[in-house]
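this is a predicted model, with the sequence first.
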Amino acid sequence: MKLEGYNERIIISGNVIEYYSYGKTQYKGKRGRSGRDKVAEACNKEKNRQVTLMRAKQAIMRTVNANIGRYGDATPKFVTLTFKDNLKELEIANNEFKKFKQRLQYKVKVDLAYICVPEFQKRGAVHYHVIFFNLIYIDAMSLREIWRNGFIKINKIDNVVNVGVYVAKYLNKDKVDSRLVGKKCYFTSRGLYKSEVIEDAALINQILDYVSGLKCTYETEFENEHVGLCLYKQYNTT
């Protein structure tokens, strides 16, 4: 079966439009890895961890931007949850977060839409960065009482231009934490809105005509063996 190729791609996540122009033709559909590819992958675990981190950050950024402002009048809230005890076991911490989410949903009578990023503090304790997309107003003291495990902090994100980038930076900054290897770097509620991926040339040209009147908020070039020289541009429609 002949694979369909493309040299440009646009990804729309809420108000953020990303444009890619590839030096090498990309093909739709997954192609199986050869035995040589698998050996090379096994021999380069650290590089693969960095790729995993990059993809996770992109997924978080796009998921956040795709869901901002999609839940009526509810203002998105970015919350940090910490443990007063030096809890280092991620599985136990995740279970505490699950119980907190259930208590919070019972309190506000809403199926919460959220994305959660676990992180380890320098002392080894787990803490969470969570953005709730549809949480109604609740004061910090009440939220702390529902959390029951320690300190909480609510970050104001009303004036953040690219909330996805703001949240994604909390994904362990520069490298994949060894304690997260083999585990989820982040998790989300079900039913979140997804980014729209466009590879149709005619539709891409229409979108490029539209963004030509907008200011490019970020632009870069990079090159690798898979895509060749790639031009990347980002626009914000707000």
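Alright, I've got the coordinates.

the residue lying closest to Cys185 once chain neighbours are set aside and Glu8, how far apart?
Leaving out its chain neighbours, the residue that sits closest to Cys185 by C-beta to C-beta, 6 or more residues apart in numbering is Ala56, at 4.3 Å. Quick note: C-beta positions are derived from backbone N, CA and C, even for glycine. For Ala56, the distance to Glu8 (C-beta to C-beta, to the nearest Å) stands at 24 Å.

phi, psi for Ser212 please.
Ser212 adopts backbone torsions of phi -60, psi -20, taken as degrees, to the nearest 10.

kindly tell me how buried it is, as a neighbour count.
9 (other C-beta atoms under 10 Å).

can you check the pLDDT for it?
Ser212 is assigned 94 on the pLDDT scale.

now do the contacts for it.
Residues near Ser212 by C-beta atoms under 8 Å, 6 or more residues apart in numbering: none.

still on that earlier bit, list the helices and strands the host helix or strand of the residue nearest to Cys185 packs on?
Using DSSP states H and E, Ala56 sits in helix 45-67. Packed against helix 45-67 by the contact rule (3 or more C-beta pairs under 8 Å, 6 or more residues apart in numbering; DSSP states H and E) you find strand 5-13, strand 114-120, helix 163-168.

out of these, nearest to Arg148?
strand 114-120 (16.8 Å; C-beta to C-beta).

and the next helix or strand past that closest one?
Assigned by DSSP H and E, the successor of strand 114-120 is strand 126-132.
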